[in-house]
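A.B. asks: got a predicted structure plus its sequence, pasted below:
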Number of protein chains: 2
Amino acid sequence: MTQLESARAGRITDEMRQVAEYEQIPPEELRDKIASGRVVIPKNAARQFVPRAIGKGLCTKVNANIGTSPSRHDPARELAKLDAAVAAGADAVMDLSTGGDLDATLRSILDKSPVMVGTVPVYKAVSRMLAAGRTCIDLTSDDIFDEIEAQCREGVDFITVHCGITQNTLQVLKGCGRHLGMVSRGGSLIAEWMVRNQAENPLYAQYDRLLEITRAHDVTLSLGDGLRPGSIFDAQDRAQISELVVLGQLAQQARDAGVQVMIEGPGHVPLSRIAMDMKLQQQLCGQAPYYVLGPLPTDIAAGHDHIAGAVGGAIAAASGADFLCYVTPAEHLTLPGLDEVREGVIASKIAAHIGDLEKGVAGAWDRDREMTAARRGFDWPAVFAHAIDPEKARAMRAQSEDHDKDVCTMCGDFCALKTYGRALEEIK
Amino acid sequence: MTQLESARAGRITDEMRQVAEYEQIPPEELRDKIASGRVVIPKNAARQFVPRAIGKGLCTKVNANIGTSPSRHDPARELAKLDAAVAAGADAVMDLSTGGDLDATLRSILDKSPVMVGTVPVYKAVSRMLAAGRTCIDLTSDDIFDEIEAQCREGVDFITVHCGITQNTLQVLKGCGRHLGMVSRGGSLIAEWMVRNQAENPLYAQYDRLLEITRAHDVTLSLGDGLRPGSIFDAQDRAQISELVVLGQLAQQARDAGVQVMIEGPGHVPLSRIAMDMKLQQQLCGQAPYYVLGPLPTDIAAGHDHIAGAVGGAIAAASGADFLCYVTPAEHLTLPGLDEVREGVIASKIAAHIGDLEKGVAGAWDRDREMTAARRGFDWPAVFAHAIDPEKARAMRAQSEDHDKDVCTMCGDFCALKTYGRALEEIK
């Protein structure tokens, strides 16, 4: 039984119990949210780790994309990124490898990861073709589903599948005057396959087959947004929204089949339209958990896209997004290294926490309250302890000549809190 | 005549002409906005540099705070920060020095800065007292006004003065149950002076004297928010808002006297209340330009407060803030070094630009349009040129093994744009 089927049957699983404790909510409440599809616990039935859930009423989760590329494919490097991402607070990683020994890389990440692991199975299916001197066009439906099944057996917890690219949504895309076409790797591969083979997307046409495989392993579906905007000019165009309508239909079918499902979202979106995107997704997808990439409210922050992503992610989370895929400073430029992974996770954690303050999730305000108390009391160890990134806060303060005093080099004797403290006693 | 008086008289000054050209708006429109107090051109009548304006309908400006502290007071270091801030795109710097030879430091910054320079004159007045073995309490009104006059003569373009701390607002503060008291250095010094001397704030009681001095040099007043919240728990409490009411009254008096004026704002503010803060300021202060510090929507991002500040600053700018004071990664921890200055300015520039997209200021959308076109065409030099930080974008891509090809190490042959490009030709 999947977590969804258990919840529907009224059962509270061990995973639900662990999650409810972590989230500080009653297990019954969590179970009911899972039963209605508003919360998922992405955890392969065969894998052992402390589970986390994603969805309504829970704290916002953060995913870090790791994985090799054709020109950088050292698995050890990706394991180091896994460690860095988890140490910085990532709740999930996705292995998006496209270079080197893909099987070994995924196997080692699954073995080592203490958090949920997601993949985009079509990458590996296509890579196998390329390695055999063929192209993605030569894939058969069976190749695709065999790869998905293999990864589900291997222990993957959630998979991104671009089921919403259909002959119909491609027609909409063609006619809607996009500025930047398709920026989804998996989506574009599926589109090329469909166009060259003049056939419907197998992930859509044989969606029941996908549900059967994922249900057997309780792998959570993450319905990919192949038509997400890659420029703020393309945000919420007819292509994106027509795909979202399809994803809403497919999410309903998944829930009906007992399969846990979440929806992926943009991408590049102007600031004032981010909240609207979140509300529309809830409406069209029956409140399925929403997993967004960014969003980025500007296209020109290359080298600092983690900052643009934090702006968009904070607003998205505050408006209902449940799961933030990090954006690193390397986005749009190169594959992230260790430093970029770390910076990307921290930026997303900040965004997630700002969102959690707005969502009012359990414990969120307590963290800021404790920080305020630590500052009021000049309790530096507590300031570090309550920071999202204690290590960086400690290192930065250590640069200060005054770091062993109860002042800082920023203000020294001009400390407002102290001056005010002296004055306050006297206010009549 | 001040810029405000010239505008009221219907004159278009050279400064207005330069600003109008930069902002791509008609000089008459700019003049009318200056006449109504919605725009200021902070530029001392005695100083020569290319002026920038701040206010409604213009692009959002960014300020970088530099200056020594009691334990770090090498003027050369501050000049290097000035260079770094301007190179990164700062439109203004404030010399907030509190250590070392304050006169020489300010003099060298004024000599070298190609952008407007602001100060908080009370710092220097108090420092002189401390150097003489006395305290801020020993200051006389004349000491304070003499220092202000000296700095106006010296060429400062705008000054922060905490005129809104009054015996009345201190009473409100005392009764409103603040979590983190006062976090404004200048404000707390004024408060201590008032309390110990049992006297009204001279900057409030003798406001006409302040107006006379600043009008003579066309120095723009930046009415400081001494009661800004230093914790999200203190946002928009009675203390902050009662001070804002006073600042609104004083802004009106300044405009009536022909003195250019802007208002300073928070601080720490929960995300969903940032827009409200901007609207309230416009309402209470007659649309005077609003100069905000952050805002920070969470208290726990120490070490990465530039990211929290970018989140708050983007929303503030989108909601009407005109001028963003940067926040660096060193905020709350230590005096920023060169790297932190640079990171702080870039983060604020990203926030300002996101705000400008929402404000629809001239040219803002063009930058993203050009970036999108550059990406569509795999035109890497154009991608760098259109980025907010071309240097970082170029350096990051240079790390990529594929940097001389028209692909990137992120996707290699899995490039979505290329795959889609191939597919698109075939869509029937």
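C.D. replies: Good, I have the coordinates.
A.B. asks: in the stretch 1-150 of chain A, what residue is nearest chain B?
C.D. replies: A:P70 (3.5 Å; Cβ to the nearest Cβ). From N, CA and C alone the C-beta is placed, and that goes for glycine too.
A.B. asks: for the spatially closest residue to that residue that is not a sequence neighbour, which residues are in contact?
C.D. replies: Nearest non-adjacent residue to A:P70, counting by Cβ to Cβ, 6 or more residues apart in numbering or on different chains: B:G412, 3.5 Å away. Residues in contact with B:G412, defined by Cβ atoms under 8 Å, 6 or more residues apart in numbering or on different chains, are A:69-71, A:98-99, B:402.
A.B. asks: and the pLDDT for B:G412?
C.D. replies: The confidence metric pLDDT takes the value 73 at B:G412.
A.B. asks: near chain B, which residues of the stretch 201-350 of chain A?
C.D. replies: Proximity of the stretch 201-350 of chain A to chain B, by Cβ under 8 Å from any Cβ of the partner chain, involves residues A:230-233, A:270-272, A:297-304, A:306-308, A:310-311, A:314-315, A:318, A:329-335, A:337, A:346-347, A:350.
A.B. asks: what about 6 Å?
C.D. replies: A:231-233, A:270-272, A:297-304, A:307-308, A:310-311, A:314, A:318, A:330, A:333-335, A:346-347, A:350 (Cβ under 6 Å from any Cβ of the partner chain).
A.B. asks: in helices, which of those residues fall?
C.D. replies: A:307-308, A:310-311, A:314, A:318, A:346-347, A:350 (DSSP state H).
A.B. asks: need the max-distance pair from those residues.
C.D. replies: Longest distance between any two of those is 18.4 Å, between A:A318 and A:I346; criterion Cβ to Cβ.
A.B. asks: contact partners for the residue nearest in space to the middle of chain A?
C.D. replies: The C-alpha lying nearest the average C-alpha coordinate of chain A belongs to A:C325 (Cα atoms, centre = their mean; 3.1 Å). Taking Cβ atoms under 6 Å, 6 or more residues apart in numbering or on different chains, we find A:C325 in contact with A:63, A:293.
A.B. asks: so what pairs up with it in the strands?
C.D. replies: For A:C325, the beta-bridge assignment (DSSP bridges) gives partners A:N63, A:L293.
A.B. asks: low-confidence ranges, chain A, go.
C.D. replies: Along chain A, the model assigns pLDDT under 70 to residues A:401-410, A:427-428.
A.B. asks: which residues of it fall in strands?
C.D. replies: Using DSSP state E, the strands of chain A run over A:39-40, A:54-55, A:61-66, A:92-95, A:116-119, A:158-161, A:220-223, A:261-265, A:290-293, A:323-325.
A.B. asks: those: which one's closest to A:K392?
C.D. replies: Comparing the strands of chain A by Cβ to Cβ, strand A:61-66 comes nearest, at 16.5 Å.
A.B. asks: counting contacts, what elements does the closest one pack onto?
C.D. replies: Helices and strands touching strand A:61-66, by 3 or more Cβ pairs under 6 Å, 6 or more residues apart in numbering or on different chains; DSSP states H and E, are helix A:75-88, strand A:92-95, strand A:323-325, helix A:338-359.
A.B. asks: rerun at 10 Å
C.D. replies: strand A:54-55, helix A:75-88, strand A:92-95, strand A:116-119, strand A:290-293, helix A:305-318, strand A:323-325, helix A:338-359 (3 or more Cβ pairs under 10 Å, 6 or more residues apart in numbering or on different chains; DSSP states H and E).
A.B. asks: comparing those, which comes out most buried?
C.D. replies: helix A:305-318 (a mean of 31; mean count of other Cβ atoms under 10 Å in any protein chain shown).
A.B. asks: between that one and helix B:338-359, how many degrees?
C.D. replies: When axes from the mean of the first three to the mean of the last three Cα atoms, to 10 degrees is applied, the directions of helix A:305-318 and helix B:338-359 differ by 50 degrees.
A.B. asks: helices and strands around helix A:305-318, which ones?
C.D. replies: Counting by 3+ Cβ pairs under 10 Å, 6+ apart, helix A:305-318 packs on strand A:61-66, helix A:274-284, strand A:290-293, strand A:323-325, helix A:338-359, helix B:305-318, helix B:338-359.
A.B. asks: need these in JSON lines (columns: distance to B:A9).
C.D. replies: Formatted as JSON lines, these follow (distance: least, Cβ to Cβ, whole Å):
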{"stretch": "strand A:61-66", "distance to B:A9": "57"}
{"stretch": "helix A:274-284", "distance to B:A9": "45"}
{"stretch": "strand A:290-293", "distance to B:A9": "53"}
{"stretch": "strand A:323-325", "distance to B:A9": "54"}
{"stretch": "helix A:338-359", "distance to B:A9": "47"}
{"stretch": "helix B:305-318", "distance to B:A9": "31"}
{"stretch": "helix B:338-359", "distance to B:A9": "29"}
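A.B. asks: closest one to A:Y420 among these?
C.D. replies: Closest among these, once you apply Cβ to Cβ, is helix B:305-318, at 20.9 Å.
A.B. asks: now do the closest one: distance to the chain's middle.
C.D. replies: Helix B:305-318 has its C-alpha centroid displaced from the chain centroid by 12 Å (Cα atoms, centre = their mean, to the nearest Å).
A.B. asks: got the angle between that helix and helix B:274-284?
C.D. replies: 50 degrees.
A.B. asks: ok, the residue of the stretch 1-150 of chain A closest to chain B touching A:V126?
C.D. replies: No. Counting by Cβ atoms under 10 Å, A:P70 sits too far from A:V126 to count as a contact (11.5 Å).
A.B. asks: the two: which is more packed in?
C.D. replies: A:V126 (30 against 20; other Cβ atoms under 10 Å in any protein chain shown).
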